[in-house]
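[1] could you look at this predicted model? Sequence included:
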Amino acid sequence: ASYAVAHRLFAVQEDAALLAAVMAAGWPQFVYMSRAINNDALATALAAMVLIILLQIGRPNRFVGAALLAVLAVLTKLSVIFVVGAVLGTWIVEFVMLRQQRKRYVHVLWWMLVIWGLAGALIRFQPVLYEHFIYGSGQVATISPKVFTAVYWRDVVLMTLSSGWARFGWMNIPAPAIHAYVWWIGVLAMMIVGFVAAWRSQVTRQGRLALFVLGLWGVGIIISYLRINLNRFQPQFRYMMTILPVITTLSAAGWLALLRKFVRSRIIVILFVLLLLAYNYWLIMAIVGPAYGWRL
């Protein structure tokens with residue numbers, strides 16, 4: 001997904017797509033999460049497929065497939081319900097901006113509503129699904145009094161940064177916090193540089209709309225994550241894994257824009273491969289192994 005998203009935004013810069021894929025493949029927490037077959041991994045994969053489809057700007061028929069995949073993602077894990085909003089939001093923007101195809105957009109809207117209506121009926125009238133839906137929605141229905149303190153949100157931010165970089169076992173064996181902070185400072189700074197580079201490279205309306213969809217996707221995930229933490233202290237990056245294609249795409253573009261003045265793009269990709277391989281190996285040998293008493 002990271003490769004596909006970056007390739008869509010930077011079609012003439014293959015190294016941007018390669019670097020985005022390398023960052024996702026070597027991201028320690030993502031490596032840890034994706035090693036298991038569970039609903040978190042499946043929901044992340046399904047949601048990522050929705051994002052790839054949404055970035056195919058100007059193809060109204062794709063919304064039918066996106067609506068169906070969004071349903072499958074939500075049935076897998078309720079916390080990714082933002083994908084429904086992303087699909088609908090993208091449809092609205094394209095309906096407004098691409099006036100020549102409005103009839104086709106209206107036609108696919110009916111199919112989207114049918115798919116979502118059937119999914120809603122399935123959840124409502126299937127006892128197990130309905131019980132799970134009520135339980136899941138009830139988990140975030142209230143607001144904790146702690147959210148009105150600055151200390152609470154400081155802890156949410158710090159734990160999110162830590163769990164987003166590397167926490168194992170589940171969450172009990174962290175990498176050094178300073179490592180997480182250094183990584184995120186670099187990533188967030190390069191995302192700004194990458195966004196500027198992406199905006200300048202997208203001279204067509206469809207290219208700018210693709211950037212808007214990427215932003216809509218990221219905002220939806222952040223809002224969903226904040227809503228979970230309004231209810232209870234749950235700063236676990238697994239609830240935000242579907243934002244990785246956005247992070248890796250923009251930060252990869254930022255790193256290339258900054259460093260290719262001094263070194264070839266392919267060398268930058270190779271350096272990231274070596275860096276992430278070495279760090280993951282170090283994590284296993286220095287952090288995970290001793291925590292479980294491994295002896296080599």
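    Done, it's in.

[2] going forward, measure contacts between C-alpha atoms and count neighbours the same way
    OK.

[3] let's test this: mean pLDDT of the helix or strand hosting residue 74, rounded?
    Element membership of residue 74, judged by DSSP states H and E, is helix 62-76. Helix 62-76 carries an average pLDDT of 94.

[4] flag every buried residue along the following helix or strand past that helix.
    Scanning forward in sequence from helix 62-76 by DSSP H and E, the next helix or strand is helix 82-97. The neighbour-count check on helix 82-97 (16 or more other CA atoms under 10 Å) flags 82, 83, 84, 86, 87, 88, 90, 91, 94, 95 as buried.

[5] contacts for helix 82-97 next, please.
    47, 50, 54, 57-58, 63, 66-67, 70-71, 74, 101-102, 105, 209, 213, 216-217, 220-221, 224 (CA atoms under 8 Å, 6 or more residues apart in numbering).

[6] mind giving me the PyMOL select for these, buried ones only?
    Listed next is the PyMOL selection for buried residues among the contacts of helix 82-97, using 16+ other CA under 10 Å:
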select buried, resi 47+50+54+57+58+63+66+67+70+71+74+105+209+213+216+217+220+221+224
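
[7] the buried residues of helix 82-97 into CSV, with extra columns for distance to residue 200 and pLDDT?
    Formatted as CSV, these follow (distance: CA to CA, whole Å; pLDDT from 0 to 100):
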residue, distance to residue 200, pLDDT
82, 28, 92
83, 27, 94
84, 29, 94
86, 24, 94
87, 25, 95
88, 27, 94
90, 22, 94
91, 24, 94
94, 21, 91
95, 24, 92
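
[8] between these, which sits nearest residue 140?
    Closest approach to residue 140 among the buried residues of helix 82-97 (CA to CA): residue 82, at 14.0 Å.

[9] for the stretch 51-200 of the chain, which segments are assigned as strands?
    Assigned by DSSP state E, counting those that start in this stretch, the strands in the stretch 51-200 of the chain fall at 167-168, 173-174.

[10] would you turn those into JSON lines with distance to residue 245, mean pLDDT and mean neighbour count?
    Formatted as JSON lines, the strands of the stretch 51-200 of the chain follow (distance: least, CA to CA, whole Å; pLDDT from 0 to 100; neighbours: other CA atoms under 10 Å):
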{"stretch": "strand 167-168", "distance to residue 245": "20", "mean pLDDT": "88", "mean neighbour count": "21"}
{"stretch": "strand 173-174", "distance to residue 245": "23", "mean pLDDT": "90", "mean neighbour count": "16"}
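
[11] in CSV, list those strands along with distance to residue 248.
    Shown next, in CSV, are those (distance: least, CA to CA, whole Å):
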stretch, distance to residue 248
strand 167-168, 19
strand 173-174, 22
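
[12] neighbours of residue 35, just the number please.
    Residues near residue 35, counting by other CA atoms under 10 Å, number 9.

[13] likewise residue 125?
    By other CA under 10 Å, 11 other residues sit near residue 125.

[14] what about it, distance to residue 119?
    Counting by CA to CA, to the nearest Å, the gap from residue 125 to residue 119 is 10 Å.

[15] returning to that earlier point: among the strands of the stretch 51-200 of the chain, which comes closest to residue 20?
    Among these, the nearest to residue 20 by CA to CA is strand 167-168 (21.6 Å).
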